[in-house]
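Visitor: What shape does this take:
(one chain, ligands or ions: 1)
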Amino acid sequence: MSPLVDLRRLPRHVAIIMDGNGRWAQCQGSDRTIGHQEGSRAVRRIVRASRRVGIEALTLFAFSEQNWHRPPAEVVALMELLRDFLISERDELLENGIRLRAVGRVEKLPPRVREILDPLVAETAHLDGMTLTLALSYGGREEILDATRALARRACAGELDVDAIDEAQLEGALPSLAVGRVDLLVRTGGEQRISNFLLWGAAYAELHFTNALWPDFDEAELYAAIAAYQGRERRFGRVQGATTETTAPVLPSLAHEAAGE
Ligand code: FPP
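Guide: Here you go, the predicted structure:
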């Protein structure tokens, strides 16, 4: 492992936008689906490395809500790769204590994927070695919209006081927040965008962009991202280094207003 990584100061929750499969294939003169196949190998590699290093939660952007608009043959190929990945990784997940979760509009996934995904999520639900979350048919805006609708429904049913809705309550309705806020967000492939990933949870994430195309993203790249994270000072909007996010203190004068005085 890279000597640059301090195992006592690991990011708890790492999220990755896996970009560059298509360009990787293009560089090889291959079809895009070959790039996704190699990307799937990189997923295996990085899940193993993350578990080994001691990351608690890893969230991977495997298929966005917008990816449904790709050519049908590519969508089918991605779904088959996902199915193959889930089948081939089952034992590995169980042996290494990895809990699998899926976030996103998973109801849109084909039954061929759901019939493998759902039992594996249930089978690994009790494991606590690391949580691997696959974002599938996922969009950050869509997730916030769905949570808003869920809270509004509860309010209409009289189960929820609208004025009592706070950050914690909204986060409780956001499935991607079940493993906590994101500490480190990595994007491969040279683009520097968040692309509708984990919009709420990544609000104060440290961002790391690398030109490496996802199929080339290896253990050394992961350690370099963690080392970069460890070199940052996280302030969460404050002036001095802070280790955690806290709710902003309310100024005394505003506290009176908030109390309706
Ligand atoms: C972006 O590359 C990647 C995706 C749209 C999907 C990510 C899929 C995988 C890594 C493989 C399968 C996943 C699992 C979990 C087994 P791109 O096609 O947008 O690349 P480009 O920007 O170079 O065209």
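Visitor: all contacts plus neighbour counts: C-alpha atoms, from now on.
Guide: OK.
Visitor: Could you confirm whether the host helix or strand of residue 83 reaches the ligand?
Guide: Assigned by DSSP states H and E, residue 83 belongs to helix 72-95. Yes - using CA under 6 Å from any ligand atom, helix 72-95 reaches the ligand at 78, 81-82, 85.
Visitor: PyMOL command to pick out the buried ones of these?
Guide: Selecting only the buried entries of these in PyMOL, with 16 or more other CA atoms under 10 Å as the criterion:
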select buried, resi 78+81+82+85
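Visitor: Farthest pair within the residues of helix 72-95 next to the ligand?
Guide: Within the residues of helix 72-95 next to the ligand, 78 and 85 form the most distant pair, 10.3 Å apart (CA to CA).
Visitor: measure the residue positioned nearest the centre of the chain to residue 175 for me?
Guide: The structure's the chain has its C-alpha centroid closest to residue 59; by CA atoms, centre = their mean the separation is 2.9 Å. To residue 175, residue 59 is 12 Å away according to CA to CA, to the nearest Å.
Visitor: one step back: now do the contacts for the residue nearest to the centre of the chain.
Guide: 13-16, 132-135 (CA atoms under 8 Å, 6 or more residues apart in numbering).
Visitor: Which pLDDT value goes with residue 238?
Guide: Note for residue 238: predicted pLDDT of 77.
Visitor: just checking, it is part of a strand?
Guide: No - under DSSP: H, G, I helix; E, B strand; the rest coil, residue 238 sits outside any strand and is assigned coil.
Visitor: which residues touch it?
Guide: No contacts exist for residue 238 under CA under 8 Å, 6+ apart.
Visitor: Identify each buried residue in stretch 220-229, please.
Guide: Buried residues in stretch 220-229 (16+ other CA under 10 Å): 221-229.
Visitor: chain center to it: distance?
Guide: Distance of stretch 220-229 from its chain centroid, counting by CA atoms, centre = their mean, to the nearest Å, is 17 Å.
Visitor: does the residue lying closest to residue 90 once chain neighbours are set aside sit in a helix or strand, and which one?
Guide: Distances taken as CA to CA, 6 or more residues apart in numbering put residue 120 closest to residue 90, at 7.2 Å, once the chain neighbours are dropped. Element membership for residue 120 (DSSP H and E) is helix 111-123.
Visitor: what's the answer for residue 222, then?
Guide: Residue 222 belongs to helix 219-230 when assigned by DSSP H and E.
Visitor: From the rest of the structure, what touches that helix?
Guide: 1-2, 4-6, 9-11, 45-46, 49, 184, 186, 206-208.
Visitor: And stretch 128-135, by the same measure?
Guide: Contacts with stretch 128-135, where a contact means CA under 8 Å, 6+ apart, come from 47, 51, 54-64, 96-104, 176, 179.
Visitor: Over to stretch 75-86?
Guide: With contacts defined as CA under 8 Å, 6+ apart, stretch 75-86 is touched by 33, 36-37, 40, 67-68, 110, 112-113, 116-117, 120.
Visitor: would you list these in CSV and tack on pLDDT?
Guide: Converted to CSV, these look like this (pLDDT from 0 to 100):
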residue, pLDDT
33, 96
36, 98
37, 98
40, 98
67, 97
68, 98
110, 98
112, 97
113, 98
116, 98
117, 98
120, 98
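Visitor: List buried residues within those.
Guide: Looking at those with 16+ other CA under 10 Å, the buried ones turn out to be 33, 36-37, 40, 67, 113, 116-117, 120.
Visitor: can you list the residues of the protein near the ligand?
Guide: Residues of the chain that fall close to the ligand, judged by CA under 6 Å from any ligand atom: 18-23, 36, 39-40, 62-63, 78, 81-82, 85.
Visitor: Can you pick out the most distant pair from those residues?
Guide: 23 and 85, at 21.4 Å, using CA to CA across those.
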